[in-house]
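> Okay, here's the prediction I keep looking at, along with the sequence it came from:
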Amino acid sequence: MSAALLPPNATALERAMADTAAARLLALEADTVGTLWDPMLCPEPWLERLAAAYGTAPYDSGWSEERRRTAVADTAANRSRHGTVAAIRRILAFAGAIYDLTEHRGAQHHTITVTLHNSDSLIRSLLTVHDLVDQVKRLSVHVTFVSKAMADKIDVAAASAAVPVFYARADVRR
């Protein structure tokens, strides 16, 4: 069947490959093909491919299936808010952070301070939260993370000295 689509000088290997590919395509059920582009109906093994096709960021294959489906389904909404404070708020909520966000607008610089209140539970994934925010913020915006738990335990001078070390470490990793 598919051999008819090949040019007359096709080799036996090319004809065999065309027949195999055609057989695999014909074996797919029409219902399955229709669900491949729907994040909520897509078969779980294909979900990561759908996320790549949508350009979903963030996406982690270690997340639960429900969280991965939600991330893919929200891709269009996230893209429309990309670069806004709303995008930063949305990604922090997605990461499960309890936070206060303060904007500081200057003549040339726009700085956002994020105070994390549940940083004890997020401390292992603090770099991940930092990376998530980096994916959705504008490049001209500087975001500073402050851990409420750390600020309560150590004085402000030590906390302000610890922040540049944290960011230097984060930059080395890349």
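Everything's here; your move.

> In space, what's closest to the residue most central in space within the chain - neighbours in sequence excluded?
The chain has P58 as the residue nearest its centroid, 0.5 Å off, counting by CA atoms, centre = their mean. Nearest residue to P58, sequence neighbours excluded (CB to CB, 6 or more residues apart in numbering): L132, at 5.2 Å. Placement of C-beta: from N, CA and C, glycine included.

> Pull up the gap between that neighbour and A76, please.
Noted for L132: a distance of 18 Å to A76, by CB to CB, to the nearest Å.

> The two: which is more packed in?
L132 (20 against 10; other CB atoms under 10 Å).

> Looking at that one now. What's its pLDDT?
Note on L132: pLDDT of 80.

> go on, E65?
pLDDT, E65: 91.

> list the contacts for it?
44, 47 (CB atoms under 8 Å, 6 or more residues apart in numbering).

> Make sure D134 is indeed in a strand.
No. Applying DSSP: H, G, I helix; E, B strand; the rest coil, one finds D134 to be helix, outside a strand.

> Now it: closest residue in space, sequence neighbours ignored.
Per CB to CB, 6+ apart, closest to D134 is V143, 7.9 Å.

> so what secondary structure elements neighbour whichever strand or helix holds that neighbour?
Per DSSP states H and E: V143 is located in strand 141-147. Contact partners of strand 141-147 among helices and strands, from 3 or more CB pairs under 8 Å, 6 or more residues apart in numbering; DSSP states H and E: strand 110-116, helix 126-136, helix 156-173.

> Spell out which residues make up each domain of this protein.
10-80, 83-174 (automatic domain parsing).
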